[in-house]
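**Q** Below is the structure, and that's it, no one-letter string:
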Ligand code: EPU
């Protein structure tokens, strides 16, 4: 296992190109199961989760080629509908196989994903939706068995306690595009990654109306065909680098972004007095941390898109930890998603958790420390906090980071950070956590 060592206190400066979005790539890979023809997917991020999804597709019988690290050609000519526990347990997003398997084969047997450190992650809405599409559902021995032999379009409502469901919406869309009749999905998630999936399905011949809204209307077709699709840029990676720039006191430009996907973060920057510029054609955003304008404390609430994304909440906790005053960050999607907080506290951050709120009292400095990554976005927050901290920070368990950020430490080195990836054996033993 590797660790990351950071010598903090150097501002990031320069330009970074954003990769394709992991959370778009995963359901899009699953969608290739909907046709027996070849789908060529470009701008695929080179990440462990994505490679793993490729493995799962291979296991299901698809031919998977990778002509270059960011292009995948997937042909699902003959596939089976069973995804076993040993494959599924490593990655929750494998639940997105349910929809396409039911659509294409009319049956699916997929192991239920286990627990997750960011909180309970039920799939009741996915199952409720499939039941509305006239599927029989049985749960036994840790598997969900879906009988889709009578699959047909219907009205379904996907709202839950925390809003809609991103992968649940993806699943319903993928089942409905090949379901006879019309499916109307109300309270659909409208995250850019869901829109990207719909765009690809339309290229494959699907009939989906009102894409990008909370109300989708899908007319089932008999067959879908192959396509070429380029994955949408990763708004969360872009946001992480912009927050990192502001936090380290440097000027960072992210290119290959879709500005419309970044509005909630830019609104928060405006409120917090973080200077930035989004260019007119909008593919680049620059944050000007070097201007040292005093930041203001703010209140942030995470919400479904177009609200502030939960996947940038941990990184904002790090930024507000070095922003004078009292900030309140409320987590509405995953009320327990605060595992980064005890680690940030070890670096000197003054943060209290009250229910689903992080109450962040800004301090003047953070101090480097050995810290433990617990999930993907928590890891990113610890890395960018380490860049701004005085002294040395060691981040353990960085396999979490590798699930969602392509060569993050290399991109940060190119921005001037002193950061390196080392085998854990090179970490001084007195600094190691369990
Ligand atoms: N929920 C239910 N029932 C369901 C499904 C969801 O109650 O059947 C609840 C969840 O417990 C949560 C909320 O609804 O409180 C939203 O969950 P959602 O289903 O939207 O999340 P997801 O689809 O499992 C995706 C991303 C997450 C991201 C969330 C929210 C993928 C592969 N994952 O998860 O990404 O945080 O949407 O935007 O797309 C990450 O990249 O670090 C990550 C966790």
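**A** That came in fine, so what should we check first? It should be emphasised that the depicted structure is a prediction, and the values quoted were computed from it without experimental measurement.

**Q** Can you tell me which residues in the stretch 251-400 of the chain are near the ligand?
**A** 310-311, 333-334, 376-377 (CB under 6 Å from any ligand atom). To be clear about C-beta, it is placed using only N, CA and C from the backbone, and glycine gets the same treatment.

**Q** now do the stretch 101-250 of the chain
**A** 120-126, 160-162, 165-168, 189, 193.

**Q** Just the ones of these in helices?
**A** Per DSSP state H, helices hold the following members of those: 124-126, 166-168, 193.

**Q** thinking again about what came up before, from the residues of the stretch 251-400 of the chain next to the ligand, keep the buried residues only.
**A** Buried members of these, scored by 16 or more other CB atoms under 10 Å, are 310-311, 333-334, 376-377.

**Q** Okay, and which of the residues you listed map to helices?
**A** Checking these against DSSP H, those in helices are 376-377.

**Q** and which of the buried ones among the residues of the stretch 251-400 of the chain next to the ligand is nearest residue 238?
**A** For these, the residue nearest residue 238 by CB to CB is residue 311; the value is 11.4 Å.

**Q** so the closest one touches residue 234, yeah?
**A** No - Residue 311 is not in contact with residue 234 according to CB atoms under 8 Å; the separation is 9.8 Å.

**Q** what sits in contact with each of these two?
**A** Jointly contacting residue 311 and residue 234 under the rule CB atoms under 8 Å, 6 or more residues apart in numbering are residue 23.

**Q** Show me the strands in the stretch 301-434 of the chain, by range?
**A** Listed in chain order, the strands of the stretch 301-434 of the chain (DSSP state E, counting those that start in this stretch) span 326-330, 350-354, 357-361, 370-372, 392-396, 418-423.

**Q** okay, those strands in CSV with mean neighbour count, mean pLDDT and distance to residue 81 next?
**A** Listed next are those as CSV, based on neighbours: other CB atoms under 10 Å; pLDDT from 0 to 100; distance: least, CB to CB, whole Å:
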stretch, mean neighbour count, mean pLDDT, distance to residue 81
strand 326-330, 19, 98, 41
strand 350-354, 14, 98, 42
strand 357-361, 20, 98, 42
strand 370-372, 23, 95, 39
strand 392-396, 23, 96, 39
strand 418-423, 15, 96, 39
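
**Q** What residues are bridge-paired with the residue nearest to residue 138 when sequence neighbours are not counted?
**A** Using CB to CB, 6 or more residues apart in numbering and skipping residues adjacent in sequence, the residue nearest residue 138 is residue 145, 4.6 Å away. Residue 145 forms beta bridges with residue 109, residue 138, as assigned by DSSP bridges.

**Q** quick one: stretch 382-393 to chain centroid distance?
**A** For stretch 382-393, the separation from the chain centroid amounts to 23 Å (computed by CA atoms, centre = their mean, to the nearest Å).

**Q** cool, and stretch 223-238?
**A** Using CA atoms, centre = their mean, the offset of stretch 223-238 from its chain centre is 14 Å.

**Q** Now it: buried residues?
**A** Those would be 224, 226-227, 229-238, for stretch 223-238 by 16+ other CB under 10 Å.

**Q** Make a markdown table from those and add pLDDT and secondary structure to it.
**A** Output for these, formatted as a markdown table (pLDDT from 0 to 100; DSSP: H, G, I helix; E, B strand; the rest coil):
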| residue | pLDDT | secondary structure |
| --- | --- | --- |
| 224 | 98 | coil |
| 226 | 98 | coil |
| 227 | 98 | strand |
| 229 | 98 | strand |
| 230 | 98 | strand |
| 231 | 98 | coil |
| 232 | 98 | coil |
| 233 | 97 | strand |
| 234 | 98 | coil |
| 235 | 98 | helix |
| 236 | 98 | helix |
| 237 | 98 | helix |
| 238 | 98 | helix |
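
**Q** Low-confidence stretches in the protein?
**A** 114-116, 280, 434 (pLDDT under 70).

**Q** What residue spans form the domains of it?
**A** Listed domain ranges for the chain are 2-19+233-431, 22-230 (source: automatic domain parsing).

**Q** between the buried residues of stretch 223-238, which is nearest the ligand?
**A** residue 236 (6.4 Å; CB to the nearest ligand atom).

**Q** How about the contacts made by the residue nearest to that closest one when sequence neighbours are not counted?
**A** Once flanking residues are discounted, residue 236 sits nearest to residue 311: 4.5 Å by CB to CB, 6+ apart. Residues near residue 311 by CB under 8 Å, 6+ apart: 23, 236, 377.

**Q** Also residue 229?
**A** So residue 229 contacts 28, 39-42, 199-200, 203 (CB under 8 Å, 6+ apart).

**Q** same thing but 6 Å
**A** By CB atoms under 6 Å, 6 or more residues apart in numbering, residue 229 lies in contact with 41, 200.

**Q** can you give me the helices in the protein?
**A** Listed in chain order, the helices of the chain (DSSP H) span 22-31, 48-59, 85-88, 98-105, 124-132, 166-176, 192-203, 235-248, 263-271, 313-321, 340-346, 376-388, 399-402, 408-414.

**Q** For those, could you give me JSON lines that also reports distance to residue 68?
**A** Below are the helices of the chain laid out as JSON lines (distance: least, CB to CB, whole Å):
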{"stretch": "helix 22-31", "distance to residue 68": "15"}
{"stretch": "helix 48-59", "distance to residue 68": "14"}
{"stretch": "helix 85-88", "distance to residue 68": "25"}
{"stretch": "helix 98-105", "distance to residue 68": "25"}
{"stretch": "helix 124-132", "distance to residue 68": "33"}
{"stretch": "helix 166-176", "distance to residue 68": "26"}
{"stretch": "helix 192-203", "distance to residue 68": "19"}
{"stretch": "helix 235-248", "distance to residue 68": "20"}
{"stretch": "helix 263-271", "distance to residue 68": "31"}
{"stretch": "helix 313-321", "distance to residue 68": "30"}
{"stretch": "helix 340-346", "distance to residue 68": "34"}
{"stretch": "helix 376-388", "distance to residue 68": "25"}
{"stretch": "helix 399-402", "distance to residue 68": "19"}
{"stretch": "helix 408-414", "distance to residue 68": "18"}
